[in-house]
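**Student:** Quick one, fold the following:
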Amino acid sequence: ERSLPMCLAFVECLFDNSKVIIYFTADGRVDFRELVKDLVKKFHMRVEMRQIGVRHQAKMVGGLGACGRQICCASFLSDFEPVSIRMAKEQNLSLNPSKISGMCGRLMCCLTYEYAYYEKVKKDIPKIGKRVTTAHGEGKVIRQNILRKTLTITLDSGEEIETPYEDLIKDERRSKDRRKE
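**Tutor:** Numbers count the residues shown, from 1 in each chain. Coordinates of the predicted model:
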C-alpha cells in the first residue's frame, strides 16, 4: 500500500502478544514510521522493525546450499567473514557468479574455508607454465591439483603425466640461478 522499497524477511511475535518484530531487507535506509503507525492500529500491539542484511536473511530462512547440505550460515556460522572474488580465483574455481554465489546472492561463505590452505600450498609449488624435472624427464606444468597435491606436466616428449609435488626432482642449477637474480 505504501510502496516502500523493502522486502519482508521474517516476522516474530512474542508469546504474550505484546510485541511483533518485523525483519526486512532493503538496499538503503527506509522511513517506515507511517507503516509502523498503521500496523500498531491494526494489530493493537507494539511493532518493532529491524533491517537485516541478505546474509542474515538467509540465516533466518535456511535452506540447502549447492553442496546439498544445510547452508553454513543457518547451521553453524555465527559471524560473517568478508569473502572476495580473489578467494575463488586462488582456488581455481569457475568465476561464473551463479556457481560461486550463495542463496543470499553474495559470494558463498565456504570460499573462505580452504583459502588459507590454497594460499600456503601455492607458494611452495611450481606455477603453471614453469619448467620442471621429473623422473620421466623435463616438462612444463599445465595444471595444479592442490587438494590431491599433484601437478599435470607435459613432458618434452609430448607425453602428459600427473605426478605428486614431492616427486619433482630438485634441480640445483635452477636454485643457483634464482639466487643470482
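
**Student:** gap between the residue lying closest to residue 91 once chain neighbours are set aside and residue 90?
**Tutor:** Spatial nearest neighbour of residue 91, excluding adjacent residues (CB to CB, 6 or more residues apart in numbering): residue 118 at 5.2 Å. Backbone N, C-alpha and C define where each C-beta goes, glycine included. According to CB to CB, to the nearest Å, residue 118 and residue 90 sit 5 Å apart.

**Student:** where in the chain is pLDDT low?
**Tutor:** 171-181 (pLDDT under 70).

**Student:** Which neighbouring elements make contact with the lengthiest strand in it?
**Tutor:** If you go by DSSP state E, the chain has its longest strand at strand 137-145. Contact here means 3 or more CB pairs under 8 Å, 6 or more residues apart in numbering; DSSP states H and E; on that basis strand 137-145 packs against strand 131-134, strand 150-155, strand 160-164.

**Student:** repeat that with 10 Å
**Tutor:** Counting contacts by 3 or more CB pairs under 10 Å, 6 or more residues apart in numbering; DSSP states H and E, strand 137-145 packs against helix 115-124, strand 131-134, strand 150-155, strand 160-164.

**Student:** Dump it to CSV, restricted to CA.
**Tutor:** Extracted in CSV, the C-alpha atoms of strand 137-145 (Å, rounded to 0.1, in the frame of the first residue of the first chain):
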residue,chain,number,x,y,z
GLY,A,137,62.1,-36.2,-17.9
GLU,A,138,61.7,-32.4,-18.2
GLY,A,139,58.5,-30.7,-19.0
LYS,A,140,56.1,-27.8,-18.4
VAL,A,141,53.4,-27.6,-15.7
ILE,A,142,50.0,-27.3,-17.3
ARG,A,143,47.7,-27.9,-14.3
GLN,A,144,47.8,-27.9,-10.5
ASN,A,145,45.5,-30.0,-8.3
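
**Student:** sorry, back to before: quick check: neighbours shared by residue 118 and residue 90?
**Tutor:** Taking CB atoms under 10 Å, 6 or more residues apart in numbering as the contact rule, residue 118 and residue 90 both touch residue 146.

**Student:** number of nearby residues for the residue nearest to residue 91?
**Tutor:** 17 (other CB atoms under 10 Å).

**Student:** Give the full set of residues in contact with it.
**Tutor:** Taking CB under 10 Å, 6+ apart, one finds 87, 89-92, 144, 146-147 in contact with residue 118.

**Student:** List only those of those residues flagged as buried.
**Tutor:** By neighbour count, with 16 or more other CB atoms under 10 Å, the contacts of residue 118 hold 87, 90-91, 144, 146 as buried.
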